[in-house]
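> here is my input, please return the structure:
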Amino acid sequence: MAIKATIHKAALQIADLDRHYYADHALTLARHPSETDERMMVRLLAFALYANEALTFGKGLSNDEEPDLWQKDLTGAIVRWIDVGLADERAVRKACGRAEQVVVISYGRTAPIWWNENRDRLQRLDNLTVLNLAPETTLALAALASRSMQLQCTLQEGHVMITSEAGMIAMEPAVWHQGHDRSTFAH
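Okay, here's the model as predicted:
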């Protein structure tokens, strides 16, 4: 018998002062049985960083052909493809061929090793942005995880502040590579 995904609900209020995007989102996150709270919360942060009415969660872990999040236009063309974690370099190149903009949000203690091994090939991709989150940041995010969450996220000049009844986290994701899309979170 297969283990089913765990459903988490998040009421997310976003105030992105740089993009002048202010919205409330009622999100449902299906946490794959092999996914940690840390990874799920990084997916939620990715949503907050690139929030848009057309941004949705993809199948990610359970389907190699879909990202963790994506935004499509009305024709079905992929505007933004977002992967969380240490993405395979070949898969990133393939995504760059399919989408206008690709974002990889790396995290974990081995992220610098992954970046050093893939930097030369990935920096050639004009439509790729690579962000990195410090391990202490993602562990603090994981501590906010619960089956029902109410979160407020404020973004300004590369700084992110997430608050909930469980606490507050301030962070500044590191920009390891910035693609041509200037409408993104990274500056």
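
> for the chain, what spans make up the helices?
Counting by DSSP state H, the chain has helices at residues 37-49, 89-98, 111-122, 135-143.

> turn those helices into JSON lines, columns for mean pLDDT and distance to L12.
Using the backbone N, CA and C atoms, a C-beta is placed for each residue, glycine as well. Below are the helices of the chain laid out as JSON lines (pLDDT from 0 to 100; distance: least, Cβ to Cβ, whole Å):
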{"stretch": "helix 37-49", "mean pLDDT": "96", "distance to L12": "6"}
{"stretch": "helix 89-98", "mean pLDDT": "95", "distance to L12": "25"}
{"stretch": "helix 111-122", "mean pLDDT": "97", "distance to L12": "25"}
{"stretch": "helix 135-143", "mean pLDDT": "96", "distance to L12": "13"}
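
> hey, which of the ones you listed is tucked in deepest?
Ranked by mean neighbour count under mean count of other Cβ atoms under 10 Å, these are led by helix 37-49, which reaches a mean of 23.

> could you check how far that one is from the centre of its chain?
Put simply, helix 37-49 sits 5 Å off its chain's centre (Cα atoms, centre = their mean, to the nearest Å).

> angle of it against helix 135-143?
Between helix 37-49 and helix 135-143, the angle comes out at 90 degrees (axes from the mean of the first three to the mean of the last three Cα atoms, to 10 degrees).

> contacting residues for K59?
E66 (Cβ atoms under 8 Å, 6 or more residues apart in numbering).

> redo the helices of the chain as CSV? Include distance to T129.
CSV is the format used below for the helices of the chain (distance: least, Cβ to Cβ, whole Å):
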stretch, distance to T129
helix 37-49, 10
helix 89-98, 11
helix 111-122, 10
helix 135-143, 18
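
> neighbours of A54, how many?
11 (other Cβ atoms under 10 Å).

> I figured it hits A77, correct?
No: contact criterion Cβ atoms under 8 Å: A54 and A77 do not qualify, at 11.2 Å.

> strands of this protein, start to end?
Taking DSSP state E as the criterion, the chain carries its strands at 6-16, 21-31, 55-57, 69-72, 78-84, 99-107, 128-133, 148-156, 159-164, 167-171, 174-177.

> contact partners for the spatially most central residue of the chain?
Centroid-nearest residue in the chain: A46, 2.4 Å away (criterion: Cα atoms, centre = their mean). Taking Cβ under 8 Å, 6+ apart, we find A46 in contact with 68-69, 82, 84, 103, 105.

> if you set the cut-off to 6 Å instead, what comes out?
For A46, the contacting residues are 69, 82, 84, 105, by Cβ atoms under 6 Å, 6 or more residues apart in numbering.

> what about the helices of the chain, which gets the closest to S164?
Each of those has some distance to S164 by Cβ to Cβ; the shortest is helix 135-143, at 9.9 Å.
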